[in-house]
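A.B. asks: Any chance you could fold what I've pasted below:
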Amino acid sequence: MTGAGSTHATAIRRAAMLKTAFGPVIGAALEDESVSEIMANPDGALFIERLGVGRERQDAIMPACDVERIIRLIASHIGAPCDREHPIVSAELPRTGERFEGVMPPVSLAPTFSIRKPARRAMSIADWVAAEAMTRGQALILQSALARRENILISGGTSTGKTTLANSLLAEIGREAERILILEDTRELYCSAEDVVALRTAPGIGLETLVRSTMRLRPDRIIIGEVRGGEALDLLKAWNTGHPGGIATVHANSAEAALSRLEQLTAERAHEIPRALIGEAVNLIIHIGRRGDHRRVEHILRVKGHDPLHGYVLAPADPQQFSIVSEGATL
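C.D. replies: Presented below is the predicted three-dimensional model:
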């Protein structure tokens, strides 16, 4: 067998072993388009999160040895060490690309992992309203902002639904004849538009480099899965110089804190924090919160610029100010 053939056969064997190790419950969840995340806890509890439903504990219990086997198989697939000196494994599942994070002792009491699935079916904005995660007024604001090509920043904590909402907004954009550039570290965003270019980071090529390259690819809208570094400065400049209608997510505890977070990130590159640029480039901030299994759009703030004396000029977004609703939307 040739070297290429041997490598291919090894990959097939590893995929088969991993499928067996996952077992029927996780296997079915990986095939279920409504499932967004699968979590195996150190105590053996297995949780599955579904779009519009939330996180549910499963009847199945995963022994620690089975969880450890899964983590070691995935570490082997990417050629990464997995031992007490290297107890964390970050990877993508072979062939299908789901994001995997595995943790072993001594960092955790027992082996544990989480699998985040890339979107295959996005919740529509109407779905958010039906799930009472968003009001009709908030939905009108978002649809109007998209139609007006405003730049939208989605803020929230971990697993609050930032990516889910970004995909909902992309579903709206997908109806338009625009060229969409999507930049992210792992595949989590999806847009059904005909003209989509999805770029991912790679070793030695970060989001900062991708944002600069994107400017030469003639984007109509620039979308970033999560702003987490100096690329924030390049993104703001792009949004502010002929590329409106962008979407990005950021970790923050409130809508106001999202602007502080942007300041911190731009400070990694700029000698002075470009507050005027932030105030001009960001038009709308959507903050999502989570209580238990329930996600909800808590605040939508309009950014009206930056005053050198008084700071950012912010105001609650008012649905009465808007009358444009995306074509084909049903609320």
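
A.B. asks: quick one: I154 from M215, how far?
C.D. replies: 22 Å (Cβ to Cβ, to the nearest Å). Yep, even glycine has a C-beta here, placed from its N, CA and C like the rest.

A.B. asks: Equivalent analysis for S34, please.
C.D. replies: S34 sits 37 Å away from M215 when distances are taken as Cβ to Cβ.

A.B. asks: ok, now A91?
C.D. replies: 31 Å.

A.B. asks: Give me the below-cutoff pLDDT ranges for this structure.
C.D. replies: By pLDDT under 70, the low-scoring segments of the chain are 1-11, 52, 119-121, 293, 320-331.

A.B. asks: Could you break it into its assigned domains?
C.D. replies: Each domain of the chain is listed here as a residue range: 3-116, 125-321, per automatic domain parsing.

A.B. asks: Of those domains, flag the one that's most buried.
C.D. replies: The highest mean neighbour count among the domains of the chain belongs to domain 125-321 (a mean of 19), with neighbours defined as mean count of other Cβ atoms under 10 Å.

A.B. asks: Next, the residue lying closest to E37 once chain neighbours are set aside: secondary structure please.
C.D. replies: In space, and not counting its chain neighbours, E37 is closest to E49: 4.3 Å by Cβ to Cβ, 6 or more residues apart in numbering. Per DSSP: H, G, I helix; E, B strand; the rest coil, the local secondary structure of E49 is strand.

A.B. asks: and whichever strand or helix holds S76, what other elements does it pack with?
C.D. replies: Under DSSP states H and E, the secondary-structure element containing S76 is helix 64-78. Helices and strands touching helix 64-78, as assessed by 3 or more Cβ pairs under 8 Å, 6 or more residues apart in numbering; DSSP states H and E, comprise helix 3-31, strand 88-92, strand 99-103, strand 112-116.

A.B. asks: separation between A281 and V129?
C.D. replies: Per Cβ to Cβ, A281 is found 28 Å from V129.

A.B. asks: what does L262 give?
C.D. replies: The gap separating L262 from V129 is 28 Å, by Cβ to Cβ.

A.B. asks: for M39, same thing?
C.D. replies: For M39, the distance to V129 - Cβ to Cβ - is 27 Å.

A.B. asks: what are the ranges of the strands in the stretch 51-200 of the chain?
C.D. replies: Defined through DSSP state E, counting those that start in this stretch, the strands belonging to the stretch 51-200 of the chain, from first to last, are 54-61, 88-92, 99-103, 112-116, 152-156, 179-184, 195-200.

A.B. asks: which phi and psi does A276 have?
C.D. replies: phi -60, psi -40 (degrees, to the nearest 10).

A.B. asks: Could you list which residues are in contact with the nearest residue to it once chain neighbours are set aside?
C.D. replies: Closest residue to A276 in three dimensions, ignoring its sequence neighbours and counting by Cβ to Cβ, 6+ apart: H306, at 5.1 Å. Residues counted as contacts of H306 (Cβ atoms under 8 Å, 6 or more residues apart in numbering) are R275, A276, I278, G279, E280, Y312, V313.

A.B. asks: Report the next helix or strand after the helix or strand harbouring L233 in sequence order.
C.D. replies: Using DSSP H and E, the secondary-structure element containing L233 is helix 231-240. Reading on from helix 231-240 to the C-terminus, the next helix or strand found by DSSP H and E is strand 247-251.

A.B. asks: Tell me the helices and strands packed up against that next one.
C.D. replies: Under the contact rule (3+ Cβ pairs under 8 Å, 6+ apart), strand 247-251 is packed against strand 152-156, helix 162-173, strand 221-224, helix 255-266.

A.B. asks: Off-centre distance for that strand?
C.D. replies: When distances are taken as Cα atoms, centre = their mean, to the nearest Å, strand 247-251 is centred 8 Å away from the chain's centroid.

A.B. asks: which SS state does E268 fall under?
C.D. replies: Applying three-state DSSP to E268 yields a three-state assignment of coil.

A.B. asks: From P274, how far out is the residue lying closest to it once chain neighbours are set aside?
C.D. replies: With Cβ to Cβ, 6+ apart as the criterion, E268 has its nearest non-adjacent residue at 4.1 Å, and that residue is G230. In this structure, G230 and P274 are 12 Å apart, going by Cβ to Cβ.

A.B. asks: Perfect, that will be all.
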